[in-house]
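Enquirer: dropping a prediction and its sequence here:
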Amino acid sequence: MLLHSHKLHNDASLASSNSRLYFIPHPIPRNKDQSTQASIMNLRAIFSTPLPSSLRIKPSIHPPRRSLTVSAQLPTIAATKFSVSDETLESRGFILRRDTDDLNLDQLNAIFVAVGFPKRDPEKIRIALDNTETVLWVEYKKTKKPVAFARATGDGVFNAIIWDVVVDPSYQGIGLGKAVMERLIEELLGKGISNIALYSEPRVLGFYRPLGFVADPDGIRGMVYSRKQKKKK
């Protein structure tokens, strides 16, 4: 999962206690014949560290890439103060959306491609959204287009996985990624979901750590299923 983070931040952050997170790094195969291997680092999270002032990362589609699984056991109740308020976002021309009724899938797909994801079948995107537990995206009022997006799937009680955390490259650096993640996490915690996971490239861990993801050496091990493909003759 690729996310380009931003400059806007302050000392306000999500607060929690006795939280635990797990980072599971695993390499993505360079070709279809290589299987994916996974190792894991244990993590402990405290929602108290502000986001670094600058963490711009340019999208890249060149191999090799590494993917990272991040999971978190979080308290069911957390006192939350967002780094940027709904009112501030609206004053800058952005609207927070929590449903997909007005979400243009072609425009969302364009953001996926812009940050390095492969282009997806719009019908499959729709099916994925229909099976999504929680979704949060940001619309820019002037263009009526999505500029930031994240969603979570899960069982609705114990576990959730965050997917597709993206920010349009033209709107990176102004706090939209953090705004989306803070609110998505709050909504999951509000439902009583205490174990939250996500996939990320290692190079953007600096974005997730201020949201509560910190390495812990205890360690559990994770595995990623990878089906070997036969070589074409």
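Expert: Right, received. Where do you want to start?
Enquirer: so is residue 136 in a helix, a strand, or just coil?
Expert: When classified by DSSP: H, G, I helix; E, B strand; the rest coil, residue 136 comes out as strand.
Enquirer: tell me the confidence at the nearest residue to it once chain neighbours are set aside?
Expert: In this structure, residue 136 finds its nearest non-sequential neighbour in residue 184, 4.9 Å apart by Cβ to Cβ, 6 or more residues apart in numbering. C-beta here means a position set from N, CA and C on the backbone, and glycine is covered the same way. Note for residue 184: predicted pLDDT of 96.
Enquirer: all numbers from here: first residue = 377
Expert: Sounds good: first residue 377 from here, last item residue 560.
Enquirer: show me what contacts residue 560?
Expert: With contact set as Cβ atoms under 8 Å, 6 or more residues apart in numbering, residue 560 has these partners: 510, 512, 526-528, 538.
Enquirer: next one: residue 487
Expert: Residue 487 neighbours (Cβ under 8 Å, 6+ apart): 522-523, 525, 542-544.
Enquirer: mind putting those residues into TSV with secondary structure?
Expert: Below are the contacts of residue 487 laid out as TSV (three-state DSSP):
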residue	secondary structure
522	strand
523	strand
525	strand
542	strand
543	strand
544	coil
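Enquirer: returning to what we had before: spatially, which two of the contacts of residue 560 are the most separated?
Expert: The largest separation in those, counting by Cβ to Cβ, is between 512 and 538 at 10.1 Å.
Enquirer: overlap of the contact sets of those two?
Expert: By the contact definition Cβ under 8 Å, 6+ apart, residue 512 and residue 538 are jointly contacted by 526-527, 560.
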